[in-house]
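**Student:** fold the following, please.
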Amino acid sequence: MLFSSKNLSLFAAFIILCLPGGNAFAPSFTRALPLRASSAASCVRMRAPGIFSLKASAEEKSTKTKTLFERIGGEAALDAAVNSFYDRLVVDAELAKFFEGADVKALRGHQKAFMRIAFTGIPEDLDVANLMLTKHARLFEMGLNGDSFDATAGHLVGSLQDLDVPEDLIGEVVAIVGPLRAVFEQGAAAAKK
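**Tutor:** Numbering: from 1, shown residues only. Sure, this is the predicted structure:
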């Protein structure tokens, strides 16, 4: 397993912060994502037609020791990804209401900082679910829910694809983000009470 459940949750929490007060992504969002290849295939390397190996080459082992942040391309790639991601979010008809009156420039800065941490290391004392629920309470009352998560996740994946991030790395991002859809569903349900 490349990422612990803690890593998966943290990244999603950081993505959640892309909307004013926060935001996120989900497992069922994969039905709406235009993924070009199966990320599951990246777990096994094809050595020859029809022959698969679980052994990693020295180059693959070296790549695995690098952080996701480094493998994606570092600071420049993170800047480009967040900028593309926000460019998509603020014009999405379903998500635009969550950005009304927000300082989008500040949100982009926060998102970059959070994604940098999520792709490199996660503080032991961070309660991601609680952070998401607290920071997004107003947005849940405005209608933020699992469908919002799905739309946001689709924009993240689309941004990464537009920037030619390799599918296996996009798969790692999806694995990190997907499990947090449940928090959006929880927040939306609590807002209805």
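**Student:** can you give me the pLDDT of residue 30?
**Tutor:** Predicted confidence (pLDDT) for residue 30: 37.
**Student:** mind listing what's buried in stretch 91-103?
**Tutor:** Across stretch 91-103, burial judged by 16 or more other C-beta atoms under 10 Å covers 92, 95, 98-99. C-beta: built from backbone N, CA, C; applies to glycine.
**Student:** which of those residues fall within strands?
**Tutor:** With DSSP state E as the criterion, strands contain none of the buried residues of stretch 91-103.
**Student:** where do the strands of the chain begin and end?
**Tutor:** Under the criterion DSSP E, strands of the chain are mapped to 45-48, 51-53.
**Student:** just to revisit the earlier point, distance to residue 186 and pLDDT added to the buried residues of stretch 91-103, as JSON lines?
**Tutor:** Converted to JSON lines, those look like this (distance: C-beta to C-beta, whole Å; pLDDT from 0 to 100):
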{"residue": "92", "distance to residue 186": "23", "pLDDT": "97"}
{"residue": "95", "distance to residue 186": "19", "pLDDT": "97"}
{"residue": "98", "distance to residue 186": "18", "pLDDT": "95"}
{"residue": "99", "distance to residue 186": "23", "pLDDT": "94"}
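**Student:** closest one of the residues you listed to residue 108?
**Tutor:** residue 99 (11.3 Å; C-beta to C-beta).
**Student:** what about this protein, any weak spots by pLDDT?
**Tutor:** 1-64, 122 (pLDDT under 70).
**Student:** rerun at 80
**Tutor:** The chain contains residues with pLDDT under 80 at 1-64, 114, 117-118, 121-123, 126, 128, 176-177, 179.
**Student:** for it, what spans make up the helices?
**Tutor:** Using DSSP state H, the helices of the chain run over residues 5-16, 58-65, 68-72, 74-89, 104-118, 128-135, 137-141, 146-162, 167-177, 181-192.
**Student:** can I get the ones you listed in CSV including mean neighbour count?
**Tutor:** Below are the helices of the chain laid out as CSV (neighbours: other C-beta atoms under 10 Å):
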stretch, mean neighbour count
helix 5-16, 24
helix 58-65, 9
helix 68-72, 18
helix 74-89, 17
helix 104-118, 17
helix 128-135, 18
helix 137-141, 17
helix 146-162, 22
helix 167-177, 22
helix 181-192, 19
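**Student:** distance of residue 127 from residue 134?
**Tutor:** Counting by C-beta to C-beta, to the nearest Å, the gap from residue 127 to residue 134 is 9 Å.
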